[in-house]
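Undergrad: model the structure of this input:
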Amino acid sequence: MVTYEATDRVPRWTETYEVKDGADGRALRLVDHTAPDATLAGWFAGPPDLYGGDPFETPWMEAGPDRLAILRDGRVVHQGRHALARPGAADPRVTMAAGADGTMGLAVVQERECTPAEADDLLAKVVSRAQEIVRDHPRP
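TA: From the prediction side, this is the model:
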């Protein structure tokens, strides 16, 4: 699965491929997409043209590993930091994140669209929790 980040003009969207064996070797077949315009999806479908005979190399090099989630038999074998684990994912996942001060830590990512009111509520909870942590664990 390839996840494309939202821009000013296009919302976040995904395209899902499967690896198929054919007369010309292995190739990617577009299974599903959430693109706002169908002409945007399917660029990686077909035999790999750019990077040899491995169907994973073209999306890895062109879309980048951060946008990819690769599943084998339903198990995630690679999870890019911008990628959804699967279409319509609603459960949170834990990932590594960098703080504004350069520190590294775990972050919980909720992979679903939310209303502005839900986003405001979540932000208020995050700020409140951060204030509690700072109050309870002051820096020396």
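Undergrad: low-confidence regions, the chain specifically.
TA: Along the chain, the model assigns pLDDT under 70 to residues 47-53, 84-116, 119, 126, 139-140.
Undergrad: that one: strands as residue ranges?
TA: 2-4, 13-22, 25-33, 69-72, 75-79, 92-98, 104-110 (DSSP state E).
Undergrad: helices or strands up against the fifth one?
TA: Put plainly, it is strand 75-79. Judged by 3 or more C-beta pairs under 8 Å, 6 or more residues apart in numbering; DSSP states H and E, strand 75-79 is in contact with strand 69-72. Yep, even glycine has a C-beta here, placed from its N, CA and C like the rest.
Undergrad: give the buried residues for the strand it packs on.
TA: For strand 69-72, a neighbour-count test (16 or more other C-beta atoms under 10 Å) marks 69-70 as buried.
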